[in-house]
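**Student:** When you get a sec, could you give me coordinates for this:
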Amino acid sequence: MKLEFIPLDKLVVSKANMRYGRKAPDVSDILPTVRSRGVIQPVLVRPNCAPEGYEIIAGSRRFHAAKIVAEERRAAGDTTPEPMACAILDDGDDAAAIEASMIENMARLDPDEVTQWETFTRLVREGRKVEDIAATFGLPDLTVKRVLALGNLLPAIRDLYRKERIDAATVRHLTMASKSQQKAWLALADDENAYLPTGHQLKSWLFGGQSIPARHALFDIEASGLATVADLFGDDRYVADADAFWTAQNAAIEARRAAYVEQGWADAIIVPPSDHFSTWEYEKAGKRKGGRVYLDVRATGEVIVHEGYVSRKEAARLAKVEANGRIGTGQKAARPEVTSTMQTYIDLHRHAAVRTALTGHPAIALRLMVAHAMGGSHLWRVTPEPQSTRNEDVRDSLNNSKAEADFDERRRAVLAVLGFSAEEPTVTGGSFADGGDDYGVVGIFHRLLDLPDAVVMEVIAIVMGETLASGSAAVEAVGMEIGVDMARCWRADDAFFELIRDREVLTRIVAEVAGETVASANAGEKTKTLKRIVRDHLDGTNGRARRENWVPRWMAFPPAAYTARGGVGTVAAHAKAQAAREIERFRPSDDDPDPTAPGAAIALPDPDEEADRLAA
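**Tutor:** Coordinates of the predicted model:
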């Protein structure tokens, strides 16, 4: 190899260069340096068939930057030639040239997987083995094999990736698709009116809506003969037949359940995917104290085992039995001082006295109620709203929403005030941080007694928010009473637009956002076009007037429908809340007939007078 300065007009980018034939490279990061200092590091070239010409093996970006600088100087009147420092390789060794190009470029701007595949394939054609390529580029053999396996993709898909019309995640998921699935996906890509799954949605499409990682199997996947599909770029494998997987998985779960019973646990209970095991509803208990094992089965195939738990009610009973000395001592328990009937007598009279006294201390009663809502008892069972959905886009949309972020911030503040663990997902059912004494309802009650009324009200708001049932009439009643403005905490996102499929509804939304004239003019357009019109108006792009603070009728307070077809849950829930409100109109008044007359309704006490009486 020798070093020479060669004029720019004698240089061209070689076909062996891995960036040959692609769009002009981005040189904005090196252009300032080339303007001020020129090209410092020589490019790699070799002679070609042109008279006194050379082709660039490595250094395409430096060459393009030098050409830009030369054109700028010519425009400024400087005609001095600008030769480039070049290291000249021997002619004829294509494999060496390809390796030199890729090594040079990988050290600067990472090539995409398809470009790597093209380069590795050309090296294989030149006689290089997989292990040779791996050693040359410092890559594991498996990585090279996976890149070469991109050859399983149809050329049209690789071309879409090269033109940046699909992203890397989509390409990776398509490596798991059969040729027929790839053709079906390309047909959807060519149909402007069709839904085209990409990213993680593509994985669900490939597996018929349920993608189950093979790592969650409790049985030997290889021995079972169950077909799996591997992502060529990752370590995850997915089962091809979900029904066959669950047949084998359920058998393995049942075998594991039986094994736990055989080990001496009181019982082993399988929690199906439709339910959820909430640890706050249970307390730890060993085998000797009747602890059970719960096998929590998830829809993804994962099985989470919770060993040694009993319900809170059972834990209280066991604690009472142990306190009486009937467990673990091997001795006969001493005769109690009072009989069980006498104890019931004492308990009931004390209970009556305490609850009567409690009516004169509403602040203490309020704190006790909150403690029960948070800690639970055999009379109280309060469950946080799970906010569950199987749609990942909907889950991501909720997690990224402003309203959810604001609520979680307030929840974290309440957890800190109560001294609960910062890792608790909810205040309801939460527990004190490490080192704190956890006495259940009593412990929470005493903590609340130390807090001022304003802080207790903050706790109540969080607990009520966590336990407010999604989609219920209560949500409608509270939203209307407070006057919730959805535009302040919600904005149409990709998940929202993806879920709208109804042309009639979309047309009405266009009319609402853009006006009846625009809606009428585009009534025959495809749904994709209608969505684009709405997006443009909401974003104020493509020359369309910006529509501020738009909220679809379904989500507003009060909600409404776009058609007469019905089937809008929020509208039905709002109607129920309004019906409850209307009942107030039929409460008896002073003008009603004599309540003692036959058939007359019993008059309800006046709320203001009753409030004055209680206050007195």
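
**Student:** biggest strand in the protein, by residue count?
**Tutor:** Determined from DSSP state E, the single longest strand within the chain is strand 303-311.

**Student:** helices and strands around that strand, which ones?
**Tutor:** helix 242-262, strand 282-284, strand 292-297 (3 or more CB pairs under 8 Å, 6 or more residues apart in numbering; DSSP states H and E). From N, CA and C alone the C-beta is placed, and that goes for glycine too.

**Student:** most tightly surrounded among these?
**Tutor:** Sort those by mean neighbour count, taking mean count of other CB atoms under 10 Å, and strand 292-297 sits at the top with a mean of 20.

**Student:** Return it as CSV; C-alpha atoms alone will do.
**Tutor:** Extracted in CSV, the C-alpha atoms of strand 292-297 (Å, rounded to 0.1, in the frame of the first residue of the first chain):
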residue,chain,number,x,y,z
ARG,A,292,-51.1,-22.5,50.6
VAL,A,293,-49.3,-22.1,47.3
TYR,A,294,-50.9,-20.0,44.6
LEU,A,295,-49.9,-20.5,41.0
ASP,A,296,-50.7,-17.2,39.2
VAL,A,297,-51.2,-18.0,35.5
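
**Student:** so how far is that strand from its chain's centroid?
**Tutor:** In terms of CA atoms, centre = their mean, to the nearest Å, the centre of strand 292-297 is set 25 Å apart from its chain centre.

**Student:** could you give the angle of that strand to strand 303-311?
**Tutor:** Angle of strand 292-297 versus strand 303-311, following axes from the mean of the first three to the mean of the last three CA atoms, to 10 degrees, is 140 degrees.

**Student:** Show me what strand 292-297 is packed up against.
**Tutor:** Secondary-structure packing of strand 292-297 (3+ CB pairs under 8 Å, 6+ apart): helix 242-262, strand 268-271, strand 303-311.

**Student:** For those, give me CSV that also has distance to residue 126.
**Tutor:** Output for these, formatted as CSV (distance: least, CB to CB, whole Å):
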stretch, distance to residue 126
helix 242-262, 43
strand 268-271, 58
strand 303-311, 50
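
**Student:** Contacts only, for the closest residue to residue 406 other than its chain neighbours.
**Tutor:** Nearest in space to residue 406, with sequence neighbours left out and distances taken as CB to CB, 6 or more residues apart in numbering, is residue 489 at 7.3 Å. For residue 489, the contacting residues are 401-403, 406, by CB atoms under 8 Å, 6 or more residues apart in numbering.

**Student:** Counting neighbours, which of those comes out on top?
**Tutor:** residue 401 (15 neighbours; other CB atoms under 10 Å).

**Student:** just checking, it touches residue 490?
**Tutor:** Yes: look at residue 401 against residue 490 with CB atoms under 8 Å: they come within range, at 6.6 Å.

**Student:** Distance to residue 310 and mean pLDDT added to the helices and strands packed on strand 303-311, as a markdown table?
**Tutor:** Shown next, in a markdown table, are the helices and strands packed on strand 303-311 (distance: least, CB to CB, whole Å; pLDDT from 0 to 100):
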| stretch | distance to residue 310 | mean pLDDT |
| --- | --- | --- |
| helix 242-262 | 15 | 88 |
| strand 282-284 | 6 | 85 |
| strand 292-297 | 6 | 90 |
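
**Student:** Tabulate these (CSV), appending distance to residue 226.
**Tutor:** Formatted as CSV, the helices and strands packed on strand 303-311 follow (distance: least, CB to CB, whole Å):
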stretch, distance to residue 226
helix 242-262, 6
strand 282-284, 34
strand 292-297, 18
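
**Student:** For residue 168, find the nearest of the ones you listed.
**Tutor:** Residue 168 lies closest, by CB to CB, to one member of these: helix 242-262, at 26.3 Å.

**Student:** Please identify which of the helices and strands packed on strand 292-297 is closest to residue 525.
**Tutor:** Minimum separation from residue 525 across the helices and strands packed on strand 292-297 (CB to CB) falls at helix 242-262, 37.3 Å.

**Student:** And the closest one, what does it pack against?
**Tutor:** Against helix 242-262 (3+ CB pairs under 8 Å, 6+ apart) you get strand 268-271, strand 292-297, strand 303-311.

**Student:** mind listing the helices for the stretch 1-150 of the chain?
**Tutor:** Taking DSSP state H, counting those that start in this stretch as the test, the helices found in the stretch 1-150 of the chain are 31-37, 60-75, 94-106, 113-125, 130-137, 141-148.

**Student:** rank those helices by pLDDT, which is bottom?
**Tutor:** Among those, helix 94-106 has the lowest mean pLDDT, at a mean of 57.

**Student:** coming back round to it: quick check: which of the helices and strands packed on helix 242-262 is nearest to residue 40?
**Tutor:** Of all these, strand 303-311 comes closest under CB to CB, at 57.7 Å.

**Student:** What lies in contact with the closest one?
**Tutor:** Here strand 303-311 makes contact (CB under 8 Å, 6+ apart) with 216, 218, 249, 253, 256, 260, 265, 277, 279, 281-287, 289-298, 318.

**Student:** average model confidence for that strand?
**Tutor:** 89.

**Student:** for stretch 509-523, same thing?
**Tutor:** The model assigns stretch 509-523 a mean pLDDT of 92.

**Student:** contact partners of that stretch?
**Tutor:** Outside stretch 509-523, the residues touching it (CB under 8 Å, 6+ apart) are 500, 507-508, 529-530, 533-534, 537-538, 544, 547, 550, 552-553, 562.

**Student:** ok, 10 Å please
**Tutor:** 492, 500, 502-504, 506-508, 525, 529-538, 544-545, 547, 550, 552-553, 562 (CB atoms under 10 Å, 6 or more residues apart in numbering).

**Student:** Filter the residues you listed down to just the buried residues.
**Tutor:** Neighbour-count burial (16 or more other CB atoms under 10 Å) is assigned, among those, to 492, 500, 506-508, 525, 530-538, 544, 547, 550, 552-553, 562.

**Student:** Among those, which ones are in helices?
**Tutor:** Those of those mapping onto helices are 506-508, 530-538, per DSSP state H.

**Student:** Most widely separated two among those?
**Tutor:** 508 and 536 (17.2 Å).

**Student:** In contact with residue 570, which residues?
**Tutor:** Counting by CB under 10 Å, 6+ apart, residue 570 touches 471, 475-476, 479, 553-561.

**Student:** what's the distance between it and residue 385?
**Tutor:** Distance of residue 570 to residue 385, given as CB to CB, to the nearest Å: 16 Å.

**Student:** so where's the stretch 251-400 of the chain shaky on pLDDT?
**Tutor:** The model of the stretch 251-400 of the chain has pLDDT under 70 over residues 280, 318, 320-334, 338.

**Student:** one step back: would you put the C-alpha positions of the longest strand of the chain in CSV?
**Tutor:** In CSV, the C-alpha atoms belonging to strand 303-311 read as follows (Å, rounded to 0.1, in the frame of the first residue of the first chain):
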residue,chain,number,x,y,z
VAL,A,303,-46.7,-18.8,35.8
ILE,A,304,-45.7,-16.9,38.9
VAL,A,305,-45.6,-19.0,42.1
HIS,A,306,-46.5,-17.5,45.5
GLU,A,307,-45.5,-19.9,48.3
GLY,A,308,-47.0,-19.7,51.8
TYR,A,309,-50.0,-17.5,51.9
VAL,A,310,-53.4,-17.5,53.7
SER,A,311,-56.2,-14.9,53.6
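
**Student:** Strand partners (parallel or antiparallel) of that strand?
**Tutor:** Strand 303-311 pairs in its sheet with strand 282-284 (antiparallel), strand 292-297 (antiparallel), by DSSP bridges.
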